[in-house]
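Q: What follows is a predicted structure for the sequence shown.
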Amino acid sequence: MSRQFMGYRRADGRIGVRNYTAIVSTVFCSSSVAQKIADATGAKVFIHDGGCGQLGPVREHTERILNGIVTHPNIGAVLTVGVGCEQIDAELLASKAEGRPNAFLDIQKLGGNEASVTEGIKLVKKLQAEAAEAERTTADISELTVATQCGSSDTGSGIASNPTVGALADLLIADGGAIILGETGSLYGAAGLMARRAKTPEIGQEIIDMTDRLESYYSRMGHSFRKANPTPGNIEAGLTTLVEKSFGGVRKGGTTTIQGVLKPGEKITGKGLWIMDTSLGLGACASADMLASGAQILVYTTGKGNPVGSPLGPVIKVTATKRSVETLKDIIDFDGSPVLMGEETVEHCGERLYDKVVDVANGEQVKAEIHDHNIFAIGKIAF
């Protein structure tokens, strides 16, 4: 019998594991207004440094991410906050919310920042009340998409944490679900290996092209990506080369065939294992890309303890480092150290992690939600 969970069925048929109200700044200039409204209402806020003066692939990326937020299955209601003169129009963005309660603000038309904050608080409280009317309904586990990521990695990440997530990935895919493996930089040294697992030669070539494009991007500046990765924290924790880090990182995707390659933030429409060519920058950037594509949950492995959460969905922090389990109690959600200590198999630990994912899908809060440690950022793209 297939696993099930209780989620929120949206108008487009997708199922959410949360029912957040989102406040989305359309442009950097409206960020402070959006933040003040969020502070007063407790709604999830999405502020960034784009939305205007952008062209080509850069603008397309920003629009994909913002569209992915307002249409995300975890979002139950949306307020967009614009200035009134930017490229990304607040009213148009709100209208894409696909059956969710939505509204927009135009700071210039409302007469300034404080008037907009006052009106925004009023609108968000109304939206929250409307969103609260949604009820959980039964969903099959095959409707779940889980994104995977790693940060502040150590030797235990590649040996135990990432293989455990890979075991989870294989189990979810066997049950009809989907997995996203992102972080293009972490595919760098293992691209050839992953290309051989692709469904078609064309998909395999796309994987190779991703990492070649990344190196070309830095080469034009007179540098190599390998100068920035592994990071100082990775090296201190025992990782020596980018290839070593990559071979451990790709194990989060499990062992199944790669079905395709997604642009950063591109909506996922298939099942099985997918690779995403995520944007550059901090872990929050890749998190935003993968979650905006429609993944309801992010499983994030860490060694020394990365504190990043997301306002778009629950982030389950996994570590195999016992010291991190014991000292970072407000960060770590899942203890994979028995694998590293030889006390548990990867397969059994993966089954435990699968149980944890289902519990979170059913509403169990992760540490980042409990402590409101959420970060959102739209990264730069290599082209």
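A: Yep, it's here.
Q: Look at Ser287 and give its secondary structure.
A: Put simply, Ser287 is helix when judged by DSSP: H, G, I helix; E, B strand; the rest coil.
Q: my guess is it contacts Gln149, does it?
A: Yes: with contacts counted by CB atoms under 8 Å, Ser287 reaches Gln149, the gap being 6.2 Å. No exception for glycine: its C-beta is placed from N, CA and C like everyone else's.
Q: Identify the contacts common to those two.
A: The contact sets of Ser287 and Gln149 overlap at Leu298, Tyr300 (CB atoms under 8 Å, 6 or more residues apart in numbering).
Q: contacting residues around Ile15?
A: Counting by CB under 8 Å, 6+ apart, Ile15 touches Gly7, Tyr8, Arg9, Pro73, Thr137, Ala139, Glu143, Leu144, Gln296.
Q: Weed out the non-buried ones from these.
A: Gly7, Tyr8, Arg9, Pro73, Ala139, Glu143, Leu144, Gln296 (16 or more other CB atoms under 10 Å).
Q: what about the nearest residue to Leu353 once chain neighbours are set aside, is that helix, strand or coil?
A: Excluding its sequence neighbours, the residue lying closest to Leu353 (CB to CB, 6 or more residues apart in numbering) is Leu168, at 4.6 Å. For Leu168, the assignment made with three-state DSSP gives helix.
Q: Now that Leu168 has come up, it's in contact with Val146, right?
A: Yes: between Leu168 and Val146 a contact is recorded at 7.5 Å, counting by CB under 8 Å.
Q: so what's in contact with those two at the same time?
A: Common neighbours of Leu168 and Val146 (CB under 8 Å, 6+ apart) are Val299, Val357.
Q: Please work out how many residues are found near Glu215.
A: Neighbour count for Glu215, taken as other CB atoms under 10 Å: 16.
Q: Repeat that for Gly84.
A: Around Gly84 there are 17 residues (other CB under 10 Å).
Q: what's the helix or strand for it?
A: Per DSSP states H and E: Gly84 is located in neither a helix nor a strand.
Q: hmm, back to that, just the contacts of Ile15: which are in helices?
A: Members of the contacts of Ile15 lying in helices (criterion: DSSP state H): none.
Q: What's the local residue count around the residue nearest to Leu353?
A: Counted with other CB under 10 Å, Leu168 comes out at 27.
Q: With His72 instead?
A: Around His72 there are 28 other residues, counting by other CB under 10 Å.
Q: Equivalent analysis for Gln365, please.
A: Around Gln365 there are 13 residues (other CB under 10 Å).
Q: Can you show me the strands along the stretch 201-350 of the chain?
A: Using DSSP state E, counting those that start in this stretch, the strands of the stretch 201-350 of the chain run over 258-262, 272-276, 297-302, 315-319, 334-335.
Q: neighbouring strands for the second one, and are they parallel or not?
A: Meaning strand 272-276. strand 178-181 (parallel), strand 258-262 (parallel) (DSSP bridges).
Q: What's opposite Gln149 in the beta bridge?
A: Counting by DSSP bridges, the residues bridging with Gln149 are Tyr300.
Q: Trp274 too?
A: Ile180, Gly260.
Q: Would you check that it makes contact with Ile258?
A: Yes: here Trp274 lies in contact with Ile258, judged by CB under 8 Å, at a distance of 7.1 Å.
Q: These two: which is more packed in?
A: Each of Trp274 and Ile258 has its neighbours counted (other CB under 10 Å); Trp274 has more, 26 against 22.
Q: And the more buried one, how far from Val308?
A: Distance from Trp274 to Val308, counting by CB to CB, to the nearest Å: 21 Å.
Q: circling back to that earlier point, which ones are touching the residue nearest to Leu353?
A: Contacts for Leu168 were tallied using CB under 8 Å, 6+ apart; they are Val146, Gly254, Val299, Gly350, Leu353, Tyr354, Val357.
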